[in-house]
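J.: below: sequence and its predicted model.
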Amino acid sequence: MNFSLPYYREASQLPGPLPDQNEIEQATQTLPKRSDYGGRLVLIRDRYVVKYGPLVTENEGYALLFVENRLNIPAPRLYAMYRHRDILHIVMEYIPSVSLGDAWPSLTEANKHSIVGQLRCIFDQMRALPSPGFYLSVNRGPVPHRYFYSSEKDPAVTGPFQTEEEFGRAIALRSQDIWVGSCRHSYLSDYLARHLPRAFQNHPPVFTHGDLYRENVLVRKVVNSVTNEEEYEVAAVVDWETAGWYPSHWEYSHIFPLLQWIDDWPEYVEKVLDPLPLEAAMMRVVFNDLEF
């Protein structure tokens, strides 16, 4: 399914008039930013969240529409996406909630098991989508992750890719481009070029969020209609900017280098995503090279 800009949802499907540019720019109520996109995340009238900045990508809006059309999982609805003075603006549904990261320290074991069970169902739904057979974005374009950025728009780096070997080779090429640009040589980059295409094999393309951190999961308290007790439900998964079709190891191996091992969250991640320790170890090597 293809999408294009500008996008505006029909007025009958909106919770009220869309915010105008003046209202957006003068908004004072901001929300925590979960990634650095050089812009703002503002709340307007307790109805709309507007994300805008020079590094905000169209893929996030496309992903929200894709999820709404193809899946039954909690995510913000996209209300509008357009450019103003060449800056992308994404207008989304506001979902009252707290981040799982903020809530985690106060959760009971039963709460945690319930939440990760819900997340497992969400990711199982994504994995159940029929695969396009390629590694690419939801809009069938280049892979929407910074590891596949090319200033020259080299398709060998950006994709789409027909094979996982090409996918792995692209990461190695990205590493080489970075080091050449800094006028330095990296023996670690050489290692990736020799081994990464062979290390990542037999992982079919699956649809995935691509950024499963606690801060990207919103939760809220609800009352169980049977027991009349308070419990938590997943209100939304947010920040879909890198979502797309990736090798089946990607969601786990990509977040592995940033797991902090200061509490039980890494153990619970394994209940949401099947752990793949060898692929995760290789992605730690990739992280050490590309995130310097």
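T.: Received it, and whenever you're ready, just let me know what you need.

J.: which residue ranges form the helices in the stretch 1-150 of the chain?
T.: Per DSSP state H, counting those that start in this stretch, the stretch 1-150 of the chain carries helices over the ranges 21-25, 58-70, 100-103, 109-127.

J.: what about Pro6, neighbour count?
T.: Using other C-beta atoms under 10 Å, Pro6 is surrounded by 10 other residues. In this view, the C-beta of every residue, glycine as well, is placed from N, C-alpha and C.

J.: which of the helices of the stretch 1-150 of the chain is buried the deepest?
T.: Among the helices of the stretch 1-150 of the chain, helix 58-70 has the highest mean neighbour count (mean count of other C-beta atoms under 10 Å), at a mean of 21.

J.: just the pLDDT for Val223.
T.: Predicted confidence (pLDDT) for Val223: 84.

J.: nope, Arg184 is what I meant
T.: Arg184 carries a pLDDT score of 88 in this model.

J.: could you report the neighbour count for it?
T.: 9.

J.: could you do Gln29 as well?
T.: When neighbours are counted by other C-beta under 10 Å, Gln29 registers 9.

J.: mind checking how far it is from Phe66?
T.: Here the criterion is C-beta to C-beta, to the nearest Å. By it, Gln29 lies 29 Å from Phe66.

J.: same check on Pro6?
T.: For Pro6, the distance to Phe66 (C-beta to C-beta) stands at 18 Å.

J.: one step back: including mean pLDDT and distance to Ser35, could the helices of the stretch 1-150 of the chain go into JSON lines?
T.: Listed next are the helices of the stretch 1-150 of the chain as JSON lines, based on pLDDT from 0 to 100; distance: least, C-beta to C-beta, whole Å:
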{"stretch": "helix 21-25", "mean pLDDT": "96", "distance to Ser35": "19"}
{"stretch": "helix 58-70", "mean pLDDT": "97", "distance to Ser35": "10"}
{"stretch": "helix 100-103", "mean pLDDT": "96", "distance to Ser35": "14"}
{"stretch": "helix 109-127", "mean pLDDT": "97", "distance to Ser35": "19"}
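
J.: go through those helices and name the closest to Glu152.
T.: Closest approach to Glu152 among the helices of the stretch 1-150 of the chain (C-beta to C-beta): helix 58-70, 19.9 Å.

J.: kindly calculate the angle that the closest one makes with helix 109-127.
T.: In terms of direction (axes from the mean of the first three to the mean of the last three C-alpha atoms, to 10 degrees), helix 58-70 departs from helix 109-127 by 90 degrees.

J.: same for helix 58-70, what does it pack against?
T.: strand 78-84, strand 87-93 (3 or more C-beta pairs under 8 Å, 6 or more residues apart in numbering; DSSP states H and E).

J.: redo the helices of the stretch 1-150 of the chain as JSON lines? Include distance to Ile171.
T.: Shown next, in JSON lines, are the helices of the stretch 1-150 of the chain (distance: least, C-beta to C-beta, whole Å):
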{"stretch": "helix 21-25", "distance to Ile171": "36"}
{"stretch": "helix 58-70", "distance to Ile171": "18"}
{"stretch": "helix 100-103", "distance to Ile171": "28"}
{"stretch": "helix 109-127", "distance to Ile171": "22"}
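
J.: show me the one of the ones you listed that comes nearest Ile90.
T.: Of all the helices of the stretch 1-150 of the chain, helix 58-70 sits nearest to Ile90, with 5.1 Å by C-beta to C-beta.

J.: strands of the chain, start to end?
T.: Counting by DSSP state E, the chain has strands at residues 7-8, 40-44, 48-53, 78-84, 87-93, 98-99, 136-137, 205-208, 217-223, 230-237, 244-247.

J.: what would these look like in JSON lines with mean neighbour count and distance to Gly159?
T.: Below are the strands of the chain laid out as JSON lines (neighbours: other C-beta atoms under 10 Å; distance: least, C-beta to C-beta, whole Å):
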{"stretch": "strand 7-8", "mean neighbour count": "15", "distance to Gly159": "24"}
{"stretch": "strand 40-44", "mean neighbour count": "18", "distance to Gly159": "28"}
{"stretch": "strand 48-53", "mean neighbour count": "22", "distance to Gly159": "24"}
{"stretch": "strand 78-84", "mean neighbour count": "19", "distance to Gly159": "22"}
{"stretch": "strand 87-93", "mean neighbour count": "21", "distance to Gly159": "21"}
{"stretch": "strand 98-99", "mean neighbour count": "16", "distance to Gly159": "31"}
{"stretch": "strand 136-137", "mean neighbour count": "23", "distance to Gly159": "6"}
{"stretch": "strand 205-208", "mean neighbour count": "23", "distance to Gly159": "11"}
{"stretch": "strand 217-223", "mean neighbour count": "18", "distance to Gly159": "27"}
{"stretch": "strand 230-237", "mean neighbour count": "18", "distance to Gly159": "24"}
{"stretch": "strand 244-247", "mean neighbour count": "26", "distance to Gly159": "9"}
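
J.: appreciated, that's everything.
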